[in-house]
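Novice: Predicted model and sequence follow; I will ask about them next.
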Amino acid sequence: MPSLSLHPSYVFSLRSEPLLPNAPSRLLTSVFISFTRTSRPLRVSTREPNFTEEYRNDVVNGRVAGAGAPAREDPLPEGLRRESMPRHVAVIMDGNRRWARARGLPAASGYEAGLRSLRGVVELCCRWGIRVLTVFAFSSDNWVRPKVGFSSLIFFVFGFLVRFLSVEVDFLMSLFARALRKEASNRRDIRVSLIGDSTKLPKALQKLIESVEETTKNNSRLHLVVAVSYSGQYDIVQACQSIALKVKDGLIEPEDINEFLIEKELQTNCAQLSRPDLLIRTSGELRLSNFFLWQLAYTELFFAESHWPDFGEPDFIEALRSFRQRQRRYGGQDP
Ligand SMILES: CC(C)=CCC/C(C)=C/CC/C(C)=C/COP(=O)(O)OP(=O)(O)O
């Protein structure tokens, strides 16, 4: 549960688990340590723009990453059809803390349960031929959440107030690191990418991300994209900054700026992502919370009541069945 950054290159995590199932008391059971350092430069896109009509044609003709049918798939559950499955599903994994709070557990237990849920959804995407899964794991706005400090450490060492420590940021970072390490060693056919302002992440995590992206870059069954320290506004701002620099350097004129150019500079385009076909948000909240703002222009939205740790196969099937009923017009005429 508590997690400390005692040195910029080291993330030191302690996790507590209940002694007995459903018991309110918690004892320490495990310790995780991670280290290394580096920084990751922002990648510059060289892809052609893909906006609305062009983009739709690209998807239909299989030119967008994640488009086209994969080779190995399970039969689909009743009510789903191969031709009406989304290629790219994006998820706002909301409700982890509420799930934990409802059980008298610390926030960290909610995130651990959320990670288990994510593993289940990744598995289902692989089985059902969904090619891209983007998960909103940590918003640029989440940095204001509690981070453990020295006083918390003292409390912790003396065994007091353990259940009141809310050290979400560092814990989440160590959870990402563990999950990434596991993914890199799994040797499944899954490509993992991260989008977001990686310069804000601990150096050890930046290094790990770089190596996982490199190790998995040729995998093709599923592209799992984790949005960390990401927000839709951040993405648009960094795209504008990049365009402004090009204007300043005389590479383009202000009149050249259009939707294609902006889209080209977005981090999603740099990661060679198609736009999401379906966005799922769990936990009953009906908002976008600064996730993909540009990219959701023609995305179908589905809001589930379950908290993310409870989101399982039946919920996913319900979302996909709902997606199947939608008539997508991309702002154009009826089909
Ligand atoms: C490797 C990897 C991607 C791990 C996934 C871990 C995970 C489930 C992260 C979710 C993070 C997050 C801020 C969710 C929002 O729920 P919340 O904390 O705001 O919950 P609340 O709405 O109940 O307060």
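Specialist: Thanks, I have it. Numbers count the residues shown, from 1 in each chain.
Novice: got the residues of the stretch 151-300 of the chain near the ligand?
Specialist: In this structure, the stretch 151-300 of the chain approaches the ligand at residues L175, F176, A179, V226, S283, judged by CB under 6 Å from any ligand atom. All C-beta atoms are positioned from the backbone trio N, CA, C, and that covers glycine.
Novice: among those residues, which are in helices?
Specialist: Counting by DSSP state H, those place L175, F176, A179 in helices.
Novice: would you turn the residues you listed into JSON lines with neighbour count and distance to F302?
Specialist: Formatted as JSON lines, these follow (neighbours: other CB atoms under 10 Å; distance: CB to CB, whole Å):
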{"residue": "L175", "neighbour count": "22", "distance to F302": "25"}
{"residue": "F176", "neighbour count": "23", "distance to F302": "25"}
{"residue": "A179", "neighbour count": "17", "distance to F302": "24"}
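Novice: Look at the closest residue to E213 other than its chain neighbours and give its secondary structure.
Specialist: Nearest non-adjacent residue to E213, counting by CB to CB, 6 or more residues apart in numbering: S193, 5.7 Å away. Under the three-state scheme (DSSP: H, G, I helix; E, B strand; the rest coil), S193 adopts strand.
Novice: so S193 sits right up against L222, yeah?
Specialist: No: contact criterion CB atoms under 8 Å: S193 and L222 do not qualify, at 11.3 Å.
Novice: if I pick the closest residue to R275 other than its chain neighbours, what's in contact with it?
Specialist: Counting by CB to CB, 6+ apart, R275 lies nearest to Q295, which is 4.9 Å off, once chain neighbours are set aside. The contact partners of Q295, by CB atoms under 8 Å, 6 or more residues apart in numbering, come to A90, G232, L266, T268, R275, P276.
Novice: which bits of the stretch 1-150 of the chain sit near the ligand?
Specialist: 93-98, 111, 114-115, 118, 135, 137-138, 142.
Novice: ok, of those residues, which one's closest to P202?
Specialist: Set against P202, the nearest of these by CB to CB is F138 (12.1 Å).
Novice: re earlier: now distance to V237 and pLDDT too, for the residues of the stretch 1-150 of the chain next to the ligand, in JSON lines please.
Specialist: Compiled in JSON lines, those are given as follows (distance: CB to CB, whole Å; pLDDT from 0 to 100):
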{"residue": "M93", "distance to V237": "24", "pLDDT": "97"}
{"residue": "D94", "distance to V237": "24", "pLDDT": "97"}
{"residue": "G95", "distance to V237": "28", "pLDDT": "97"}
{"residue": "N96", "distance to V237": "27", "pLDDT": "95"}
{"residue": "R97", "distance to V237": "28", "pLDDT": "94"}
{"residue": "R98", "distance to V237": "30", "pLDDT": "96"}
{"residue": "Y111", "distance to V237": "28", "pLDDT": "92"}
{"residue": "G114", "distance to V237": "28", "pLDDT": "95"}
{"residue": "L115", "distance to V237": "29", "pLDDT": "93"}
{"residue": "L118", "distance to V237": "28", "pLDDT": "95"}
{"residue": "V135", "distance to V237": "22", "pLDDT": "96"}
{"residue": "A137", "distance to V237": "20", "pLDDT": "90"}
{"residue": "F138", "distance to V237": "18", "pLDDT": "86"}
{"residue": "N142", "distance to V237": "17", "pLDDT": "79"}
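Novice: Thank you, goodbye.
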